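Asks: Sequence first, predicted coordinates after that:
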Amino acid sequence: MTTDEPAVREAGAESTEGEDAEERTPSWWHRDHPTFIALAGFFSGMLSVMLVPGAYAGILRLLFDYDTAERLFPYILLILVVPAVLAVVPRTRRFGTYMLIGMALTTLVVLCVASLVLYFMVRSQA
């Protein structure tokens with residue numbers, strides 16, 4: 001055993017060079033598991049819908065006056081180009097598809113909750 005190998009191993013486990021190389025590579029969960037890619041794509045889409053428009057509006061407001069920032073804000077729709085390109089490229093197709101699903105479902109949930117809150121607020125005033 002060399003000094004760079006761990007001192008304690010599982011009982012009865014013998015080490016070879018191939019096993020040491022496998023230990024250094026990422027586990028199967030991070031490389032090839034389809035659920036990992038789907039979850040990462042979905043939550044990337046969800047976060048991009050929630051964070052990017054707010055950050056973009058804040059940066060526009062800091063750099064430009066109100067009228068210019070209002071005129072430039074619709075360019076935020078260019079964010080839809082990223083998952084669309086990812087969904088077309090064969091290697092990232094699964095990630096891009098789930099990113100689009102995450103974006104669509106997050107937008108749908110936000111709009112439904114906002115409309116219900118608005119409905120109940122208006123109804124309680126009457």
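Replies: It's in.
Asks: Only C-alpha atoms from now on, for both contacts and neighbour counts.
Replies: Will do.
Asks: Residue for residue, what is the longest helix the protein has?
Replies: Longest helix of the chain, by residue count under DSSP state H: helix 93-125.
Asks: and it, what does it pack onto?
Replies: Applying 3 or more C-alpha pairs under 8 Å, 6 or more residues apart in numbering; DSSP states H and E, one finds that helix 93-125 contacts helix 34-63, helix 81-88.
Asks: Distance to Met99, mean pLDDT and mean neighbour count for these - can I get that in JSON lines?
Replies: Shown next, in JSON lines, are the helices and strands packed on helix 93-125 (distance: least, C-alpha to C-alpha, whole Å; pLDDT from 0 to 100; neighbours: other C-alpha atoms under 10 Å):
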{"stretch": "helix 34-63", "distance to Met99": "4", "mean pLDDT": "92", "mean neighbour count": "16"}
{"stretch": "helix 81-88", "distance to Met99": "6", "mean pLDDT": "93", "mean neighbour count": "16"}
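Asks: For these, give me TSV that also has distance to Phe95.
Replies: Below are the helices and strands packed on helix 93-125 laid out as TSV (distance: least, C-alpha to C-alpha, whole Å):
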stretch	distance to Phe95
helix 34-63	5
helix 81-88	7
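Asks: Looking at these, spot the one closest to Leu108.
Replies: helix 34-63 (10.9 Å; C-alpha to C-alpha).
Asks: right, and the helix or strand after the closest one?
Replies: Downstream of helix 34-63, the next assigned helix or strand under DSSP states H and E is helix 66-72.
Asks: now what about that following helix, what contacts it?
Replies: 57, 60-61 (C-alpha atoms under 8 Å, 6 or more residues apart in numbering).
Asks: Can you lay out the residues you listed as TSV showing distance to Met46?
Replies: Below are these laid out as TSV (distance: C-alpha to C-alpha, whole Å):
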residue	distance to Met46
Ala57	18
Leu60	22
Arg61	24
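Asks: which of these lies closest to Val89?
Replies: Closest to Val89, out of all of those and judged by C-alpha to C-alpha, is Ala57, at 29.7 Å.
Asks: need the contact list for the nearest residue to Thr106 once chain neighbours are set aside.
Replies: Distances taken as C-alpha to C-alpha, 6 or more residues apart in numbering place Met46 nearest to Thr106, at 5.8 Å, with adjacent residues excluded. Contact analysis of Met46 by C-alpha under 8 Å, 6+ apart lists 99, 102-103, 105-106.
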